[in-house]
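# Next input, structure requested:
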Amino acid sequence: MNLKVGDNVQWLVNGADQFLKPKKVTKIVSFENSFYVYVEDSLCAIPIEQLSKIRPTIAEKLKTIWAYILDQEPNL
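This is a model prediction of the structure:
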């Protein structure tokens, strides 16, 4: 799985989602031949194989686009 910091993920255990809504990856670490992932609002590392990458919603994409547009200075 190709996860990177900033990706939205869902934690799946025994077929059940563990988060009410997807969370952003904040850190990925290697330990004893496995990878573990830290997500926002959590202190625990999650085994990478228990995570699914979630595509951003249209609202999240629009928010990112507007933030980019509003942060740009006009060319004079």
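
# what's the neighbour count on residue 18?
Here the count is done by other Cβ atoms under 10 Å, and residue 18 has 13 residues near it. C-betas here are computed from N, CA, C, even on glycine.

# any idea which element the closest residue to it other than its chain neighbours lies in?
The spatially closest residue to residue 18, leaving aside those adjacent along the chain, is residue 11, at 4.0 Å (Cβ to Cβ, 6 or more residues apart in numbering). Residue 11 belongs to strand 8-13 when assigned by DSSP states H and E.

# Is residue 62 in a helix, a strand, or coil?
Reduced to three states with DSSP: H, G, I helix; E, B strand; the rest coil, the structure at residue 62 is helix.

# tell me the pLDDT at it?
Here the pLDDT value assigned to residue 62 is 85.

# what does the following helix or strand past the strand holding residue 11 contact?
Sequence-wise, the next helix or strand downstream of strand 8-13 (DSSP H and E) is strand 16-17. Outside of strand 16-17, the residues that reach it under the criterion Cβ atoms under 8 Å, 6 or more residues apart in numbering are 10, 11.

# Which SSE is immediately downstream of strand 16-17?
Reading on from strand 16-17 to the C-terminus, the next helix or strand found by DSSP H and E is strand 23-31.
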